[in-house]
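Undergrad: Need a 3D model of the following:
(2 chains)
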Amino acid sequence: MTAPASVLDRSSVVARRPKGSIETVAARERRNRALRISLGLVTPVVVLLLLQAGAVWHWWDRRIYPAPTDLISATRVLWTSSHLESNFFATLRLVLEGFALGSAAGLFVGFVTGLSRIARSALEPMLSTLYVVPKIALLPIFLTIFGFGQTPKIALVTVTVFFFVWISAMEAFATVPSGFVDAAKAFSANRRAMFVHVYFPSALPQIMVSLRISMGVSVLIAVAGEFVIGTQGLGYLIINSTQLFLMPAAYAAIAIVSILGVVLVAIVTVIGRFLTPWAESSSKRSAM
Amino acid sequence: MAPSDPAISIRDLSVSFAARRSQAVEALGPISLDVGRAEFISIVGPSGCGKSTLLRVIAGLQRPSSGEVDLHFEGRSVTPIATVFQDFGIFPWKSVLSNVQFGLRINGVPKHESKERAEEWIDRVGLAGFEKSYPAHLSGGMRQRVAIARALAVEPEVLLMDEPFAALDAQLREIMQDELLKICAGRTLTTLFVTHSLEEAIVLSDRVAIMTSRPGRVLECTEIAIDRTADGPFRESPQFGALRAHLWSQLRVEVDKQLEASRSRG
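TA: Numbering: from 1, shown residues only, chains lettered A, B, ... in the order given. Purely as a prediction, here's the structure:
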């Protein structure tokens, strides 16, 4: 008599199988990617819908926390009462001028301190100390120097951007791999050629990252400056509307400032990709 | 055996580095060596014996501590010396074409001409079609060929190569060695070639210089008297084996010394 096979036979098979044919795996991968992309869109849409529902169905006071659709009509009102346009361009100009001045100065000083040990010894301790001074605290001083108007605000944005760009440019120029420097020297490159062909391109990816950050910070600092010196600009519009209890207008101005920031940063990002085609882009890597 | 009309003459060259307690560390030398015009000399020696330092001094990237190095140029090239580095040599921010053009462009060769010459060399090293690619998208062997094309595009009189094939796999190495031989043949190109591989040194060189352990001196300069124009696989010949055995017996002693020195230090 033999025992039933199910009792004695303890052998087992661990199967390793594909999850399907190559086609179905590829199809699943495509579906997953579509899902990930649509999730990125769905989340903000759900949040907007919740905000809308809460305002419409009186979960909270719509006058203080307006519905997203209220912002559209508020924007229209701001536009027709004609000061949105001038305020928008005042802020845009402030951001661009401060950013341009600050990044140009930061690049130059970063280049000098990155490549010259003497310049670095002379400037770095002082600038590093000044870096931690809260720049917004300088605004009253800039006011006494430059008077009212746009100039003190431009100075504020410039100073803020300068430090961001200076630090990364200095590091980028100081850490150019010596192998590249040697390679160029071996072809008897002069100083100009060294800069154009080696130092600048080698430092550029890191510099572009700092410019992206600085562009976002520029918008932030510009609006903060307009809060304090309330004469014009989107920051002024926000603070003024809040004081007049025009909450939809205030939120609309906040939304516009945010969009402005997103667009400006995106422009810097695109320019960076265009200027550094050899660098691996972050969006390719973070495709997970 | 020393050539009467040397392209490179090295006299009592030594290099030392300043170390702690102001005591200098001898890295190289004293070395005396004459390299004849169009001669191909390989330099082999234990790790850390100063082979790369020697090349760097000749390339002008580093100053000797004492002694002298004279380079005699005929003045017929864009830049008289070109160097191929083991890595880091080519710029990741430049396309293949711009990399190969580099030495020409920065030394004032007009754009059109430099492009033509670069394309010619890209073709010669077998990279045609990759002109617009960036180094990040090329394999290791292709990148090293870009470096070689860049060095040769300036039509140098002296070519310095610092373990140029070290990062390549064994099959690609042999192919690149043959290509380098082809390129050097029929050219008045004086070449100093640093390598760890005795086989590579024998295959490529007119003479093989064996260096001692640190501080490196030239222990022996062996003439590789073979007829490269003859057919047949030289690498498999008994002559090749004998040369290799002879060089290895010399080198072995120095490698052992270097190991001993690093052990007693550590």
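Undergrad: What residues does chain A have near chain B?
TA: Within chain A, the positions near chain B by Cβ under 8 Å from any Cβ of the partner chain are A:177, A:179-180, A:182-190, A:193, A:197-198, A:201-202, A:204, A:276-280. C-beta here means a position set from N, CA and C on the backbone, and glycine is covered the same way.
Undergrad: Helix or strand: which one has the residue in the stretch 151-288 of chain A positioned nearest to chain B?
TA: For the stretch 151-288 of chain A, the residue closest to chain B is A:Gly179, as judged by Cβ to the nearest Cβ, at 2.7 Å. A:Gly179 belongs to helix A:178-186 when assigned by DSSP states H and E.
Undergrad: Give me the helices and strands touching that helix, please.
TA: Helix A:178-186 is packed against helix A:191-194, strand B:81-84, with contacts defined by 3 or more Cβ pairs under 8 Å, 6 or more residues apart in numbering or on different chains; DSSP states H and E.
Undergrad: what's in contact with it?
TA: With Cβ atoms under 8 Å, 6 or more residues apart in numbering or on different chains as the test, helix A:178-186 has contacts from A:193-194, A:197-198, A:202, B:56, B:59-61, B:81-83, B:85, B:87-91, B:102, B:106, B:160.
Undergrad: In the chain, spot the helix with the most residues.
TA: Picking chain A for this. Longest helix in chain A by number of residues (criterion: DSSP state H): helix A:22-56.
Undergrad: I was thinking of chain B, sorry if that wasn't clear
TA: Max-length helix for chain B by DSSP H is helix B:238-265.
Undergrad: Off-centre distance for it?
TA: For helix B:238-265, the separation from the chain centroid amounts to 20 Å (computed by Cα atoms, centre = their mean, to the nearest Å).
Undergrad: who in the stretch 151-266 of chain B is up against chain A?
TA: Residues of the stretch 151-266 of chain B lying near chain A by Cβ under 8 Å from any Cβ: B:154, B:160.
Undergrad: returning to that earlier point: beyond the longest helix of chain A, next helix or strand please.
TA: Counting by DSSP H and E, the next helix or strand C-terminal to helix A:22-56 is helix A:68-80.
Undergrad: Could I get the buried residue list for the longest helix of chain B?
TA: Of the residues in helix B:238-265, B:240, B:243, B:247, B:250-251, B:254, B:258 count as buried by neighbour count, 16 or more other Cβ atoms under 10 Å in any protein chain shown.
Undergrad: Same question for stretch A:123-141.
TA: Applying a neighbour-count criterion of 16+ other Cβ under 10 Å, one finds A:123-124, A:127, A:135, A:138-139 buried in stretch A:123-141.
Undergrad: One more: stretch A:265-279?
TA: Result for stretch A:265-279 [16+ other Cβ under 10 Å]: buried residues A:265, A:268-269, A:272, A:276, A:278-279.
Undergrad: what's the farthest-apart pair in those residues?
TA: Spatial extent of these (Cβ to Cβ) is set by the pair A:Val265 and A:Trp278 at 22.0 Å.
Undergrad: Now do residue 35, the pLDDT please.
TA: The chain I'm using is chain A. Per-residue pLDDT puts A:Leu35 at 90.
Undergrad: ah, no, chain B please
TA: The predicted local confidence for B:Val35 is 89.
Undergrad: same question, A:Ile118
TA: For A:Ile118, pLDDT reads 94.
Undergrad: Against which helices or strands is the helix or strand containing it packed?
TA: Element membership for A:Ile118, per DSSP H and E: helix A:117-131. Applying 3+ Cβ pairs under 8 Å, 6+ apart, we find helix A:117-131 packed against helix A:83-115, helix A:151-174.
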